[in-house]
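Q: got a structure for you, letters missing:
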């Protein structure tokens with residue numbers, strides 16, 4: 001499974017972006033999807049995850065109330081709506097697929113190439 005991320009860019013603090021993760025193919029709806037991010041000089045960290053059905057979601061405390069993960073299985077696409085962005089949200093954002101809903105990146109088998117998000121103050 002290969003993913004294509006889009007929607008990254010540069011925005012001022014307080015702004016919004018929506019990331020998309022497209023996965024052509026019939027197997028997309030079989031996987032839980034997650035978003036991770038890696039800031040310069042830091043370890044990659046969990047941001048949010050959603051079950052294969054979309055009924056269950058899990059957000060990191062650092063983004064709870066500001067970011068929302070969702071998916072549209074008919075379009076084979078997962079989304080990350082990011083509101084009230086802060087400079088500390090600056091990172092490369094990756095989407096990934098796992099068999100089960102989990103925040104552990106070690107459980108994710110397939111990864112996208114990443115999209116840059118830059119938030120200026």
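A: Received it, and whenever you're ready, just let me know what you need. Just so you know, these numbers come straight off a predicted model, no measurement behind them. Numbering: from 1, shown residues only.

Q: now residue 81, nearest residue through space, not along the chain?
A: residue 68 (4.6 Å; CB to CB, 6 or more residues apart in numbering). For glycine as for every other residue, the C-beta is placed from the backbone atoms N, C-alpha and C.

Q: in which helix or strand does that neighbour reside?
A: Applying DSSP states H and E as the criterion places residue 68 in strand 67-72.

Q: list of residues touching the helix or strand that comes right after that strand?
A: Counting by DSSP H and E, the next helix or strand C-terminal to strand 67-72 is strand 77-82. For strand 77-82, the surrounding residues in contact (CB atoms under 8 Å, 6 or more residues apart in numbering) are 16-23, 28, 33, 35, 47-48, 50, 63, 66-72, 89, 93, 95, 117.

Q: ok, which stretches of this structure are strands?
A: Listed in chain order, the strands of the chain (DSSP state E) span 4-6, 9-12, 17-22, 32-38, 45-50, 57-59, 67-72, 77-82, 91-98, 108-111, 115-120.

Q: how about those in a markdown table, adding mean neighbour count?
A: Compiled in a markdown table, these are given as follows (neighbours: other CB atoms under 10 Å):
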| stretch | mean neighbour count |
| --- | --- |
| strand 4-6 | 16 |
| strand 9-12 | 13 |
| strand 17-22 | 20 |
| strand 32-38 | 24 |
| strand 45-50 | 22 |
| strand 57-59 | 17 |
| strand 67-72 | 19 |
| strand 77-82 | 23 |
| strand 91-98 | 23 |
| strand 108-111 | 16 |
| strand 115-120 | 17 |
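
Q: need those strands in JSON lines (columns: mean pLDDT).
A: Putting those into JSON lines (pLDDT from 0 to 100) gives the following:
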{"stretch": "strand 4-6", "mean pLDDT": "92"}
{"stretch": "strand 9-12", "mean pLDDT": "98"}
{"stretch": "strand 17-22", "mean pLDDT": "97"}
{"stretch": "strand 32-38", "mean pLDDT": "97"}
{"stretch": "strand 45-50", "mean pLDDT": "98"}
{"stretch": "strand 57-59", "mean pLDDT": "97"}
{"stretch": "strand 67-72", "mean pLDDT": "97"}
{"stretch": "strand 77-82", "mean pLDDT": "97"}
{"stretch": "strand 91-98", "mean pLDDT": "96"}
{"stretch": "strand 108-111", "mean pLDDT": "93"}
{"stretch": "strand 115-120", "mean pLDDT": "98"}
